[in-house]
Structures are given as C-alpha cells and as structure tokens.
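J.: coords please:
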Amino acid sequence: MKSVIYFSSCLVLTVFFHSVGLSQITITTSDLPNYFGAGKSSFMYVYSDTGIAMDVGTANSTSAQTWTLPAVSFTDSSRMDNVVPSATPYAADFPGAAYAQTFNYADSSSSFVIYQYFKLSSDSLFGIGSAEHFHYSYHGYVHDTVYIYDTTEFYAHFPVQLGNNSGGSADTANFGGGSLEVTTSTNTIDAFGTLILPIGSFQALRQSTKAVHNFYYNSSLVNSYTSYSFTWFTREGHKLEVETDTAKSGTVNLTSLSVTYSETTPVSAVRTHREAPSGFALEQNYPNPFNPTTAIRFRTSEISHVTLAVYNLLGDKVATLVNEEKSPGTYQVQFDGSRLSSGVYFYTLRSGNYTATKRLLLMK
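T.: Residues are numbered from 1 along each chain as shown. Alright, predicted model coming up:
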C-alpha cells in the first residue's frame, strides 16, 4: 500500500541533490533547507492494483538509466505542508527542531492535525517527535485530545550517495494462536538517471528495498517469500515508489504505486476514484475509535489471494491481518492495537483487481 500512509522517513530523502559528473549523485545536509522550506507542500497520489507493469531498471552505479511512470488513474491523495517550527502551537515541546511538517484531515464526525518535528546534527537528520491533536464525536460524547511524543528516531546519514546502504528495518505481526509474520528489509541506493513524470523529466536516485517475509507457527517456519520495492528521489522533491513481488529488475508487475509531487505554492489536491468491482467491499472498522481491539469486515466475490494490512502515517506496515487465498464470501478479522501508540492508522484490502483503504483511530 504505501499510502498516505508514508511521509517523514521517505520524504527525508526527497531533497535537492547535485550531480558530480555522470557517475555520482550526492545529497548533503546543505540541501535540506531547500526541501523543508516553509510554504512548500507535498501531494501524494496513490494507486494500488494488479496488472500494472513498469521497467524498474537494474542496479547500476556507472551508467544513467531512464524510468517512466506508468499511465494510471490515481485513487487517493493526501497533502503534507512544511511549516516553521516556532510558528506551530507545540513549538515549546520541541525546542531543538530545525524543520516541521503538518498533516490535516477532517470528516463529518472527526478531525485531526499532526505536527512532525526534525532536528539536524552535523551529518544526520533525526525525527524528534510529534504532536497529534484529535477532535471527534463518539456515542454522543465530544473528545478533544492532544498527544505529545518526544521519541528520537534516526532518518538519514549524510552525504547520501550511490552505493550507500541507508539502513533496514524489522517488523513482527502477531496473529495470535502461535502465528507470526516476521519481515526484515534492507535498503540500498543503487542507481541514478532520469525519471519521467507527467509534469516533466527529472534527475533521480533509485533506492531498492528487499523484504523477506517469514511466517511461523508455534516457532516453526511454515512459509517464506521475498518482495521488492523501488523508490526514486528527485532534486525537486518529487518521489515515485512501487512495490512488486515478481522480480527485482527489468519489466515487473506492480502490486502498488504512489507518486509524490512537491509544490512551492500550495494548491488543492485532486482525488480520483474508481468504481469497486461488484461484490467486493471493505467496511469501516467497528468500533472506531477503538481501544485496543476492533473488527474489520470485508467481502470478496471470487476466489483470489487476499491481503489485509494495517499501516501507520509514515507508510510502515504495522500488522498483516490476512494473506491467503479466500473463497467468495464475507469475512471478519480482529485487529489488536495493544502494542501500538494512540493515533491514526490505515488498513488496505487487496483482492484480485480490487483495492480499498480506510482509516481507523486508536485511542488509549
């Protein structure tokens, strides 16, 4: 999915870079103010489906390549704005912040505003926390709450250049009953060239990510598979990210795609919707907000491989609830958020050619 679900850790690298000859592109700390400048906005357009193919190229640190965004109709969009840290309502809680970003969402019954804060050392960028303001009505009661998180998280070491290993991550999803999914990923900046987008052509760095998914039952390994994702970063702040579980080079079938455009002057993000195939549906979780468990119902109309996963606002997968072939029918699964912090999360269903995403709110 990698939906809206995505901002800080990925956007950290979508800063201005300069080229030293044709064999090396480097990102330095001096480029960061250009990317995090107040008044700039990033718009993320998300498309998730099967049957889309793209030539992702190959790992190559000596020759420039060309990559083209496939022609797709995007199904969702979201926006992140850069702001001056001292101008935010929670500046006193993050006195060392050099940069800040904010994300807003509102519907008929709830709204939330999230501020994320960053600190820059001589050669590294760190996230130093966030402030989340939630306002919602639930069963006739109005709630207005602010959560302050001051945990420091490493994002990037500079200079960033071809051949760098930008780190990895490990994630464990516990399904109960002795069933676990352990996912380990590694990231490498392994290619450079030209990225062709509908708005123009841009120099870009490519980051490849390899994720190994191991499934355990009562501590015994019962299944394993490897998936790949690729991310292209441009000097203008644009970003393209795709996922595939078919191959790691050349023309591959994609399982998801998102593109982020950076704009100097904020404009309205446009959302385009597709009609869901008849007989497929993803329902809103209940209860919502919830603590710590909630039920998610979905329906499929054909035999197909179904995945249902939960993501945080950074686009990191925090749980895989379903990952198997399902017969036509209606299903319900429980999501346990007891190991997660309060906040907004997203859950995405993929079944055949149908993809849908909804928001859920964990309140502890």
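J.: what residues are up against residue 242?
T.: 54, 56, 229-230, 254, 256-258 (CB atoms under 8 Å, 6 or more residues apart in numbering). No exception for glycine: its C-beta is placed from N, CA and C like everyone else's.
J.: go again using 10 Å as the cut-off
T.: 2, 47, 52, 54, 56, 67, 69-70, 228-232, 252, 254-259 (CB atoms under 10 Å, 6 or more residues apart in numbering).
J.: Please apply the same query to residue 230.
T.: 54, 56-57, 67, 190-191, 206-209, 240-244, 248-249, 252, 254.
J.: how close does it sit to residue 239?
T.: Distance of residue 230 to residue 239, given as CB to CB, to the nearest Å: 11 Å.
J.: returning to what we had before: apply the buried test to the contacts of residue 242 and list what passes.
T.: 2, 47, 52, 54, 56, 67, 69, 228-232, 252, 254-259 (16 or more other CB atoms under 10 Å).
J.: And the strands in the stretch 251-364 of the chain?
T.: Taking DSSP state E, counting those that start in this stretch as the criterion, the stretch 251-364 of the chain carries its strands at 251-254, 256-263, 281-282, 293-300, 304-311, 317-326, 329-336, 343-351, 354-362.
J.: Mind listing what's buried along the last one?
T.: Of the residues in strand 354-362, those buried under the neighbour-count criterion (16+ other CB under 10 Å) are 354-357, 359-362.
J.: What's the mean pLDDT across that strand?
T.: The average pLDDT within strand 354-362 is 81.
J.: Just want the angle from it to strand 329-336.
T.: On the basis of axes from the mean of the first three to the mean of the last three CA atoms, to 10 degrees, strand 354-362 is oriented at 30 degrees to strand 329-336.
J.: And strand 354-362, how far out from the chain middle?
T.: Distance of strand 354-362 from its chain centroid, counting by CA atoms, centre = their mean, to the nearest Å, is 13 Å.
J.: What helices and strands are in contact with it?
T.: strand 41-47, strand 76-83, strand 110-120, strand 124-138, strand 281-282, strand 293-300, strand 304-311, strand 343-351 (3 or more CB pairs under 10 Å, 6 or more residues apart in numbering; DSSP states H and E).
J.: same thing but 7 Å
T.: Using 3 or more CB pairs under 7 Å, 6 or more residues apart in numbering; DSSP states H and E, the elements in contact with strand 354-362 are strand 343-351.
J.: ok, now the longest one?
T.: Contact here means 3+ CB pairs under 7 Å, 6+ apart; on that basis strand 317-326 packs against strand 165-176, strand 304-311, strand 329-336.
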